[in-house]
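Colleague: Here is a sequence together with a model predicted from it:
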Amino acid sequence: MKIYIMTDIEGISGISSSSYVSASKNRPDLIAEGRVLMAGDINACVEGCFQGGATEVIVKDCHGGGFNVTRSMIDPRADLIDGDTPGERFADIEGSAGLILLGYHAKGGTLGAVCEHTMSSVGWQHAWLNGRETGEIGIDAAIAAEHGVPVIMVSGDDKTCLEARDWLPQAVTCQVKKGFSCNGARMPSLEKTRALITEKSAEAVKKAPGMPLLKIASPVTLRLELVSRCRLPDNKAYRHLDARTYELTVGSVEEALFFNW
């Protein structure tokens with residue numbers, strides 16, 4: 001059984017602020033620590049996948065285009081996809097029994113969520129799929145469904161898990177911290193959270209065969225509200241709704257995402 005792990009960093013154990021994830025904060029010590037923390041959660045998840053019955057595990061580093069963890073940091077039983085995969089959100093996902101969204105965060109504007117944003121903290125303020133507001137959980141679950149793969153688990157803070165249950169009520173959720181603000185959290189020990197990740201990952205893999213897909217009806221309309229005004233794209237494919245909001249209608253969620261990325 002093949003399992004695909006898509007990992008972000010904001011929802012990783014021990015990450016409490018953007019100083020761990022953004023070089024612009026000028027804290028190279030925390031950036032380095034964030035990479036180690038990310039690898040720890042990944043390896044705990046890989047272990048759980050194999051305990052649950054996986055025979056093949058692929059990990060994709062998706063934070064900021066990748067290059068956050070190195071091959072030597074990751075469990076040798078798993079393959080690592082790093083760097084650019086043009087036009088593909090989930091390269092080589094075909095044939096996977098399930099997708100795990102590891103270290104994810106809540107959508108932009110979520111009160112009390114650690115590092116809340118949707119795709120770009122400086123670009124997108126809010127996003128909607130066919131009229132329903134969404135964050136990266138909904139977008140990625142919908143894209144995976146277009147490839148026939150269900151999301152089986154989501155990990156992150158408490159607000160992330162709440163958002164995941166709203167979109168994916170049958171998926172396993174794994175809360176590794178409690179958010180107080182964009183840059184504040186209550187965090188259990190790494191020993192506790194990694195043991196929980198392993199436990200929940202094994203549970204999710206065992207449930208994978210019966211997990212439903214999140215299907216979004218085609219055509220797909222992606223609406224975006226930008227953080228800054230006067231930056232609407234000059235493309236006839238877009239419909240401008242106000243000074244910072246536009247939408248696009250295409251055949252799939254993946255096509256809509258890469259049209260805007």
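Modeller: Everything's here; your move.
Colleague: Could you use CA atoms for every contact and neighbour count after this?
Modeller: Will do.
Colleague: what ranges do the helices span in the chain?
Modeller: Per DSSP state H, the chain carries helices over the ranges 28-52, 136-146, 158-167, 190-207, 253-259.
Colleague: so which of those gets nearest Asn68?
Modeller: Nearest of the helices of the chain to Asn68, taken as Cα to Cα: helix 28-52 at 5.8 Å.
Colleague: partners of Leu248 in the sheet?
Modeller: Leu222 (DSSP bridges).
Colleague: returning to what we had before: mind putting the helices of the chain in TSV, distance to His117 and mean neighbour count included?
Modeller: Below are the helices of the chain laid out as TSV (distance: least, Cα to Cα, whole Å; neighbours: other Cα atoms under 10 Å):
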stretch	distance to His117	mean neighbour count
helix 28-52	18	21
helix 136-146	9	22
helix 158-167	11	21
helix 190-207	23	21
helix 253-259	15	18
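Colleague: Just put the ones you listed in JSON lines and tack on mean pLDDT and distance to Trp124.
Modeller: Formatted as JSON lines, those follow (pLDDT from 0 to 100; distance: least, Cα to Cα, whole Å):
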{"stretch": "helix 28-52", "mean pLDDT": "96", "distance to Trp124": "23"}
{"stretch": "helix 136-146", "mean pLDDT": "98", "distance to Trp124": "11"}
{"stretch": "helix 158-167", "mean pLDDT": "99", "distance to Trp124": "18"}
{"stretch": "helix 190-207", "mean pLDDT": "99", "distance to Trp124": "30"}
{"stretch": "helix 253-259", "mean pLDDT": "91", "distance to Trp124": "12"}
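Colleague: Contact partners for Glu33?
Modeller: By Cα atoms under 8 Å, 6 or more residues apart in numbering, the residues touching Glu33 are Tyr20.
Colleague: could you measure it against Ile12, distance?
Modeller: As judged by Cα to Cα, to the nearest Å, Glu33 and Ile12 stand 11 Å apart.
Colleague: And Tyr4, by the same measure?
Modeller: From Tyr4 over to Ile12 the distance is 17 Å, taken as Cα to Cα.
Colleague: how about the strands in the stretch 101-250 of the chain?
Modeller: Along the stretch 101-250 of the chain, counting by DSSP state E, counting those that start in this stretch, strands occupy 124-129, 132-134, 151-157, 172-181, 184-186, 220-226, 239-242, 245-250.
Colleague: closest one to Glu88 among those?
Modeller: In terms of Cα to Cα, the element of the strands of the stretch 101-250 of the chain nearest to Glu88 is strand 245-250, at 16.0 Å.
Colleague: Distance from the closest one to the middle of the chain?
Modeller: Centroid separation for strand 245-250 versus its chain: 22 Å, with Cα atoms, centre = their mean, to the nearest Å.
Colleague: residue ranges with poor pLDDT in the chain?
Modeller: Scanning the chain for pLDDT under 70 picks out the ranges 24, 230, 261.
Colleague: Would you point to the one among the strands of the stretch 101-250 of the chain that's packed deepest?
Modeller: Among the strands of the stretch 101-250 of the chain, judged by mean count of other Cα atoms under 10 Å, the one packed with the most neighbours on average is strand 151-157 (a mean of 31).
Colleague: and that strand with helix 158-167, angle?
Modeller: Strand 151-157 runs at 150 degrees relative to helix 158-167, counting by axes from the mean of the first three to the mean of the last three Cα atoms, to 10 degrees.
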